[in-house]
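*Asks:* Generate coordinates for the sequence data below:
(chains A and B)
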Amino acid sequence: MIGIVVVSHGPLAEGLKSAAEMIVGPQERLLAIGMEPAADMERLREQIEAAATTVAAGDPSGALVLVDLMGGSPANASVYLAASGTPVICGASLPMLLEVLVTRERATLRELTDIALQAARDGIINLTEMLASEGGESV
Amino acid sequence: MTVVHMRIDNRLIHGQVTVSWANAFNVNRLIVTNDQVARDAIQQMMLPAAARGIPTSVLSIDDTLKHVSSENGQKERIFVLAKLPQDALRLLEGGLQPQEINVGNQAPVPATKFKMVTHSIAVTADDAAIYRAIAAKGYRLTSKMMPSDRATDFLETLRKHKL
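*Replies:* Numbers count the residues shown, from 1 in each chain, chains lettered A, B, ... in the order given. All right, here's what the predicted structure looks like:
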């Protein structure tokens, strides 16, 4: 099973993890890292890389890293991992995390990366507009 | 010479924050300055991508000074992001004349005797001496996160923390 690491500014990553577990139950091989305001970039990098190794835990499927914001320090600290081939996806969201958690047992790492990107895109919906355009069908 | 702003920040480019500063000063070039970062091929790739379309160069101290005084550099409105206070001081000693200098984030270095003077700025006694040397070149050092925040006098902050 593919391991997942979520990295964010402050407690967002821990919040995403706990929200996802509220929906799909407690998860193995899922770690959250929240960067503190005074975080050192080297230390943050080590933390992320260690977490990726931990969640992969000897399983050849590897790990997927989800970070909150392209250009932010959690993403910048993940860049060495990304350069070495571990998939790192920016724009972590609850739809993204949920979808990878429920599909990771049967997907390859390559497939799971695409699933993450697609789920985040599909998760953005203007509900008000949807209701207006898909109201009850006339007979 | 048109360095409109210099920020001292060891987290370098962080997305929206950097873009807000660049927009506030109508900047058309961002230079990230630190000798070690300039030698890192991955940072060379990553930092321009993180700057979201602002033309970005990752340069050593010497190359920063060279660019700023070059013909092209003279025409630009430049935002210099120095990783460390000593980088900023070396730039000033090399003749850089930014219009203002702001202190962003400085993470504590493990195993040094630092004080947290704000929630994200760690300062050692050595750092404090460098910040004073920067101010002594005629700058009112400020610390603020976003351009619209109220500026606090950074030397005043150091004094409050007995640094």
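*Asks:* how about low-confidence regions in chain B?
*Replies:* B:1 (pLDDT under 70).
*Asks:* separation between the residue in chain A positioned nearest to chain B and B:Ala111?
*Replies:* Relative to chain B, the nearest point of chain A is A:Gly71 (2.9 Å; Cβ to the nearest Cβ). Bear in mind the C-beta positions are built from the backbone N, C-alpha and C, glycine included. Distance, A:Gly71 to B:Ala111, by Cβ to Cβ, to the nearest Å: 30 Å.
*Asks:* re earlier: could you count how many residues lie near the residue lying closest to the residue of chain A closest to chain B once chain neighbours are set aside?
*Replies:* Residue nearest to A:Gly71 in three dimensions, not counting chain neighbours: B:Gly15, with 2.9 Å by Cβ to Cβ, 6 or more residues apart in numbering or on different chains. If you count neighbours by other Cβ atoms under 10 Å in any protein chain shown, B:Gly15 ends up with 20.
*Asks:* Surely B:Gly15 touches A:Asp68?
*Replies:* No. With contacts counted by Cβ atoms under 8 Å, B:Gly15 stays clear of A:Asp68, the gap being 10.0 Å.
*Asks:* Mind listing the shared neighbours of these two?
*Replies:* Common neighbours of B:Gly15 and A:Asp68 (criterion: Cβ atoms under 8 Å, 6 or more residues apart in numbering or on different chains): A:Ala75.
*Asks:* got the phi/psi numbers for the closest residue to chain A within chain B?
*Replies:* Nearest residue of chain B to chain A (Cβ to the nearest Cβ) works out as B:Gly15 at 2.9 Å. B:Gly15 has phi and psi values of phi 20, psi -110 when expressed as degrees, to the nearest 10.
*Asks:* what residues are up against it?
*Replies:* B:Gly15 touches A:Leu69, A:Met70, A:Gly71, A:Gly72, A:Ala75, B:Ala50, B:Arg52, counting by Cβ under 8 Å, 6+ apart.
*Asks:* tell me the secondary structure for the residue lying closest to B:Gln44 once chain neighbours are set aside?
*Replies:* Of all residues not flanking B:Gln44 in the chain, B:Val58 sits nearest, at 5.1 Å (Cβ to Cβ, 6+ apart). Each residue gets one of three states, and B:Val58 gets strand by DSSP: H, G, I helix; E, B strand; the rest coil.
*Asks:* Around B:Val58, how many other residues sit close by?
*Replies:* Neighbour count of B:Val58, defined by other Cβ under 10 Å: 25.
*Asks:* And what about the residue nearest to the spatial centre of chain A, helix, strand or coil?
*Replies:* The centroid of chain A falls nearest to A:Leu66 when counting by Cα atoms, centre = their mean (3.3 Å). Recorded secondary structure, A:Leu66: strand (three-state DSSP).
*Asks:* correct me, but it touches A:Met96?
*Replies:* Yes. Look at A:Leu66 against A:Met96 with Cβ under 8 Å: they come within range, at 6.4 Å.
*Asks:* what about the helices in chain A?
*Replies:* A:12-24, A:41-56, A:73-77, A:79-83, A:94-103, A:109-122, A:127-133 (DSSP state H).
*Asks:* who in chain A is up against chain B?
*Replies:* A:37-41, A:43, A:69-73, A:75-76, A:79-80, A:83 (Cβ under 8 Å from any Cβ of the partner chain).
*Asks:* what about 7 Å?
*Replies:* A:37-41, A:69-73, A:76, A:79-80, A:83 (Cβ under 7 Å from any Cβ of the partner chain).
*Asks:* in chain B, which spans are strands?
*Replies:* B:3-8, B:29-33, B:56-59, B:78-82, B:101-103, B:114-118, B:121-124, B:142-143, B:152-153 (DSSP state E).
*Asks:* I'd like the ones you listed laid out as a markdown table, including distance to A:Ala116.
*Replies:* Shown next, in a markdown table, are these (distance: least, Cβ to Cβ, whole Å):
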| stretch | distance to A:Ala116 |
| --- | --- |
| strand B:3-8 | 33 |
| strand B:29-33 | 29 |
| strand B:56-59 | 27 |
| strand B:78-82 | 31 |
| strand B:101-103 | 37 |
| strand B:114-118 | 35 |
| strand B:121-124 | 35 |
| strand B:142-143 | 37 |
| strand B:152-153 | 41 |
